[in-house]
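Student: Quick one, fold the following:
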Amino acid sequence: MIEQHKESLMEKELLELMHTEQEFENLKSQVNPHFLFNCFNTLSSLISEDKQMADKFLNELSKVYRYVLNTNQSDLISFRQEIRFIGSYMALLHTRYGKGLHVNIMIDEVYYDYFIPAMSLQLLVENAVKHNIVSKKEPLCLEIYTTSEDTLMICNNLQLKQRKEISTGIGLKNIRSKYLLLKEPGFKWDIIDDKFVVDLPLLIKN
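Tutor: Numbers count the residues shown, from 1 in each chain. Prediction:
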């Protein structure tokens, strides 16, 4: 009876693990289409505005998307890799927005070997750019910094577009679902002093 009970528990744990892995696969499959959808929207508007800029954007996009394909195979990715990728992604955004986008990144190197769900930071930056005005007259200011509580903070000034773009609603829900599956608390967002602030917990991989 004891052996049967052990086997039953093992089977239950295995089923739970398989279910969690499947949920992660479902969440990861959402990110690529979401990323492409928004990039193609940007490219479409650039083609009518500035064809030379559209060519440059497409060239940067091919580099970034190559990384996305490789990275999105993982559930978790080292914070070092994600920060490196954000540098490439920012180059893509600056091709589009120029001086309309200001970014300040302050990272304590002690957190480079921590982990976050793959593409989380990119999704948050993408959301900020998508839902707010980004222009030379009204620059969007992004702050990305670590805290002593093993947390990454992402803040942006709120200057919401009057005409809302089509939204798939995937970004924040996707990240929250991943943290829930990992049974890791702490992911949250709020509006504080006219800023949209997100807490992204940095994890130690077991």
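Student: quick one, strands of this protein?
Tutor: All strands of the chain, identified by DSSP state E, fall at 76-78, 101-106, 115-117, 140-147, 151-157, 188-192, 195-201.
Student: List just the one of those strands that sits closest to Leu172.
Tutor: Within these, the stretch nearest Leu172 is strand 188-192; the backing value is 6.5 Å (C-beta to C-beta). The C-beta positions use only the backbone N, C-alpha and C, and glycine is treated the same way.
Student: so what strands line up beside the closest one?
Tutor: strand 195-201 (antiparallel) (DSSP bridges).
Student: Run the angle between the strand it pairs with and strand 140-147 for me.
Tutor: Orientation note: strand 195-201 sits at an angle of 30 degrees relative to strand 140-147 (axes from the mean of the first three to the mean of the last three C-alpha atoms, to 10 degrees).
Student: Would you point to the one among the strands of the chain that's packed deepest?
Tutor: A comparison of the strands of the chain by mean neighbour count, using mean count of other C-beta atoms under 10 Å, puts strand 115-117 on top with a mean of 25.
Student: where in this protein is pLDDT low?
Tutor: Within the chain, the set of residues satisfying pLDDT under 70 comprises 1-38, 71-74, 164-170, 206.
Student: repeat that for 80
Tutor: Low-confidence segments of the chain, defined by pLDDT under 80, are located at 1-51, 53-54, 56-75, 163-171, 205-206.
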